[in-house]
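**Q** structure, please.
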Amino acid sequence: MKKSFLTTVVAGLLAITACNATTVNSEMKMNISNKEKAVALLNSIETGDQTAISYVNPVKYTQHNLAVGDGLAGFGAVLQALPKNSAKVNVARSFTDGEYVFTHNDYNFFGPKIGFDLFRFEDGLIVEHWDNLDDKSATPNPSGRSQIDGPTTVDDLDKTDENKTLVANFVDSILVKGQFDQLSAFFEGDFYHQHNTVIADGLSGLGQALEAMAKNGIKMVYTKNHKILGEGNFVLSISEGSFADKPTSFYDLFRVENGKIVEHWDVMETIIPKERWKNTNGKFGNL
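**A** Presented below is the predicted three-dimensional model:
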């Protein structure tokens, strides 16, 4: 069954790549939302749903995962390399912001992973993909939370822009500029649910973690924010920097309530050396 899944998906990729853009099924483009298409494509890694592959523009697909070759051919090569019967995908959260869809996922993809995927659409088809992946922790964090649990429902759609501004200001003033004297303005006291694998709830938990890192000579540095995306009460920040002196990509998902940040999930990924890149599109290209 699973052998046929990979074979089927890869065959579908090759068949679709052979077509030109005008032959893509226009009916499929029109009947479901971009969010549903992105989720279907991710699930197809496990299910082998060929229909989902047709949601990708076969002649205009730019890949920003640096370990994957460009285009649908690169995606197909990764699927072929997956160990037999290993792929699992659980999309826990999905969001839309204009031409972008971003998702928060629990995978088995070359081992247990937690990750964010970001897709850009043009004319109803996926034309670009970024992601950030990390190994899944086997144990909950000091407050008993996992990297993926917690609320999933999108609320406060009318406050999307307001919430994006709040998170953009937090990332710029606190994470990039280190203006920690302004920290309390973004939170309601010590109320802050944390899903980072090693940090406990609350600003007090964050402070303890930063102090422990400092004692061990570990630095976490945000140098540039590349993108803020949001839908209602959820806002994703994509930033570049370093962790423990290694080039790092930071994806931080925040939940906002009544104008304050109340919950946080994240994935940090070490950026691989340029000699190992399988495409030249850049980890943050076009963001």
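
**Q** how about stretch 204-221: buried residues?
**A** With burial defined by 16 or more other C-beta atoms under 10 Å, the residues of stretch 204-221 counted as buried are Gly205, Leu206, Ala209, Met213, Met220. Just so you know, the C-beta spots here come from the backbone N, C-alpha and C atoms, and that holds for glycine as well.

**Q** and if you look at stretch 167-182?
**A** Along stretch 167-182, these residues count as buried under the neighbour rule (16+ other C-beta under 10 Å): Val167, Ala168, Phe170, Val171, Asp172, Ser173, Ile174, Leu175, Val176.

**Q** now, the buried residues of stretch 204-221 that are in helices?
**A** In this view, the buried residues of stretch 204-221 that belong to helices under DSSP state H are Gly205, Leu206, Ala209, Met213.

**Q** ok, Pro142 - contacts?
**A** Contact analysis of Pro142 by C-beta atoms under 8 Å, 6 or more residues apart in numbering lists Val198, Ile199, Ala200, Gly205.

**Q** give me phi/psi at it?
**A** phi -60, psi -20 (degrees, to the nearest 10).

**Q** who wins for neighbours among the contacts of Pro142?
**A** Each of the contacts of Pro142 was scored by neighbours using other C-beta atoms under 10 Å; the highest score is Ile199's, at 23 neighbours.

**Q** what sits opposite the residue most central in space within the chain in the beta ladder?
**A** For the chain, the residue nearest the mean C-alpha position is Phe116 (1.7 Å; C-alpha atoms, centre = their mean). Here Phe116 sits in beta bridges with His104, Asn132, as judged by DSSP bridges.

**Q** wait, doesn't it sit right on Tyr100?
**A** No - in terms of C-beta atoms under 8 Å, Phe116 does not count as a neighbour of Tyr100; the distance is 11.7 Å.

**Q** what ranges does the stretch 151-287 of the chain have for its strands?
**A** Remark: strands of the stretch 151-287 of the chain, listed N- to C-terminal, are 193-194, 220-231, 234-243, 246-257, 260-270; assignment by DSSP state E, counting those that start in this stretch.

**Q** let me know which of the ones you listed is the nearest to Phe121.
**A** Distance to Phe121, taken as C-beta to C-beta, is lowest for strand 220-231 among the strands of the stretch 151-287 of the chain, at 13.1 Å.

**Q** tally of neighbours for Asn141?
**A** For Asn141, the number of neighbouring residues by other C-beta under 10 Å comes to 19.

**Q** just checking, it touches His195?
**A** Yes - assessed by C-beta under 8 Å, Asn141 is found in contact with His195 at 6.8 Å.

**Q** done for today, thanks.
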